[in-house]
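**Student:** Predicted model and sequence follow; I will ask about them next.
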Amino acid sequence: MEEPGSLEIELNTNYGTQKAGNDFIAPWVELEYGATGWWTTEFYLDSQATLNDSTLFTGFRWENRFRPLMREHWINPVLYVEYEHISGADKTLREVVGFDNQFDFSEPNSALRKEHNHEIETKLILSSDYKGWNISENFIGEKNLGHQPWEFGYAWGVSRPLRLAATSERCNFCTENFVVGAEMYGGLGTAARLTLSGTSHYFAPLVAWELPNGVSFTVSPGFGLNDNSHRLLLRWGVSYEISGFGRKVRSLFR
Amino acid sequence: MKRPRPLIPVLLLVASLTAAVAGAAPDKEQATDDRGVLLAIAQAPAKARESKNPYEGDPDAVLAGKKLYLQHCAECHGKNGSGMRDAVNLRSPQVQNATAGELVWFLRNGNLRHGMPSWSGLPEERRWQIVTYLKSLR
């Protein structure tokens, strides 16, 4: 969850290899705002460029995350609701659901962009912190509002700072600023056919570098685990947090 | 396929962000227990209250805690901890009379309804370092 009143601006990119088609690069911008201690809202703008094809804006998403429990527990749930207005050419692949697979992107952008998806995505995020490790499990349900069945997916991950205690000096390259981890994500079929068969799955180690000035860098190469998966999905991003953004905006109107 | 209209979700988004920015101000919660400690902190369970600070008396932990404090806390509580707007004065008896264990429990849980976020994402060692610094402000 984002701290109340803070705005995080993120620029992320997903590079994907394509077996039956052209490789692609899909950048997206995220604006994440901590509305309260228990509510974070986030807005996304997606785009993509496909090699030997075209570059295009593919849509927007609006996400809200809520913490239903006001205290910390062994497992801390977060409820996630996202509205997506994206075209079939969206290749950000922020999550994998249903029978999503690499052949979905084998057509040219001119064909893919004709499909308009109007979707609601829900997640139950279960998160635990134990001895510096963060363990997170996501159960994803996505509904295309155009009379399509519910599609399901999962993601789980673990991460940990390289050093748990902080050093006494401000530093950029000390180990406390680096977080390492791994995640796994994939589809689970649809409400009509809940299965692993025909779905795609990925395993992705990740490294994050969190600088004291609020800038963070992340990189995560995701490796496809079966023939339905892209061979490689390389995600990287940079973010900057503006603490007290809400207070600064409010002060403009006083 | 019929193209859906984005107008309604966009309006909802703008209304939501406006409400979020306007409504993010934390409330004041000044009730205290018989030691004069803020109730939000004093409700820590006995086990947490009696936890011993592993960094007590460690001058490096004070410096590390100060660094973390400036990074994560100073935006609301001020650079010297004396509080700003609705964020409490961390030098006051309402905070300083609490045990280190209560403060580290409070940092982990926050007071989400009143603007104090949970810092459970920070490793426990760093929360203790922040508390070590806070106790040095007395």
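**Tutor:** Yes, it's here. Residues are numbered from 1 along each chain as shown, chains lettered A, B, ... in the order given.

**Student:** hey, let's count contacts and neighbours off CA atoms from now on
**Tutor:** Noted.

**Student:** so what's the closest residue to residue A:190 other than its chain neighbours bridging to?
**Tutor:** Nearest residue to residue A:190, sequence neighbours excluded (Cα to Cα, 6 or more residues apart in numbering or on different chains): residue A:151, at 4.2 Å. As for beta bridges, residue A:151 partners with residue A:142, residue A:190 under DSSP bridges.

**Student:** what's the neighbour count on residue A:151?
**Tutor:** Counted by other Cα atoms under 10 Å in any protein chain shown, the residues lying close to residue A:151 total 24.

**Student:** so which strand or helix has residue A:204?
**Tutor:** Assignment of secondary structure by DSSP states H and E places residue A:204 within strand A:201-210.

**Student:** which other helices and strands contact that strand?
**Tutor:** With contacts defined as 3 or more Cα pairs under 8 Å, 6 or more residues apart in numbering or on different chains; DSSP states H and E, strand A:201-210 has these neighbours: strand A:178-190, strand A:215-224.

**Student:** Comparing the ones you listed, which comes out most buried?
**Tutor:** Mean neighbour count, computed with mean count of other Cα atoms under 10 Å in any protein chain shown, is highest for strand A:178-190 among the helices and strands packed on strand A:201-210, reaching a mean of 21.

**Student:** So for residue A:46, which of the helices and strands packed on strand A:201-210 sits nearest?
**Tutor:** strand A:215-224 (18.2 Å; Cα to Cα).

**Student:** okay, the angle between the closest one and strand A:178-190?
**Tutor:** Note on geometry: by axes from the mean of the first three to the mean of the last three Cα atoms, to 10 degrees, strand A:215-224 and strand A:178-190 are set 40 degrees apart in direction.

**Student:** pLDDT (mean, whole number) over strand A:215-224?
**Tutor:** Taken as a whole, strand A:215-224 carries a mean pLDDT of 98.

**Student:** Please give me every residue in contact with residue A:119.
**Tutor:** A:83, A:84, A:85, A:142, A:143, A:144, A:145 (Cα atoms under 8 Å, 6 or more residues apart in numbering or on different chains).

**Student:** May I have the beta-bridge partners of the first one?
**Tutor:** To tie it back to what came earlier, the one meant is residue A:83. Beta bridges link residue A:83 to residue A:62, residue A:120, judged by DSSP bridges.

**Student:** so how many other residues sit close to it?
**Tutor:** Other residues within reach of residue A:83, judged by other Cα under 10 Å, total 20.

**Student:** That one contacts residue A:123, correct?
**Tutor:** No - with contact taken as Cα atoms under 8 Å, residue A:83 and residue A:123 are classed as non-touching, separated by 11.9 Å.

**Student:** Quick check: bridge partners of the spatially most central residue of chain B?
**Tutor:** Geometric centre of chain B, nearest residue: residue B:116, 4.4 Å, by Cα atoms, centre = their mean. Residues in a beta bridge with residue B:116, per DSSP bridges, are residue B:111.

**Student:** thinking it is in contact with residue A:34, fair?
**Tutor:** No - distance between residue B:116 and residue A:34: 11.6 Å, which falls outside the contact criterion (Cα under 8 Å).

**Student:** Give me the contacts around the strand holding residue A:204.
**Tutor:** When contacts are defined by Cα under 8 Å, 6+ apart, strand A:201-210 is touched by residues A:96, A:177-187, A:216-226, A:228-229.

**Student:** Stretch B:98-114 now?
**Tutor:** Defining contact as Cα under 8 Å, 6+ apart, one finds that stretch B:98-114 is touched by A:36-38, A:70-72, B:26-29, B:37, B:40-42, B:44, B:48-53, B:95, B:116-120, B:127-128, B:131-132, B:135.

**Student:** At which residues are the helices of the stretch 51-200 of chain A located?
**Tutor:** With DSSP state H, counting those that start in this stretch, the ranges of helices along the stretch 51-200 of chain A come out as A:109-112.

**Student:** typo on my end, chain B
**Tutor:** Along chain B, the segments classed as helices by DSSP state H run B:7-23, B:39-42, B:46-49, B:59-72, B:74-77, B:93-96, B:100-109, B:124-136.
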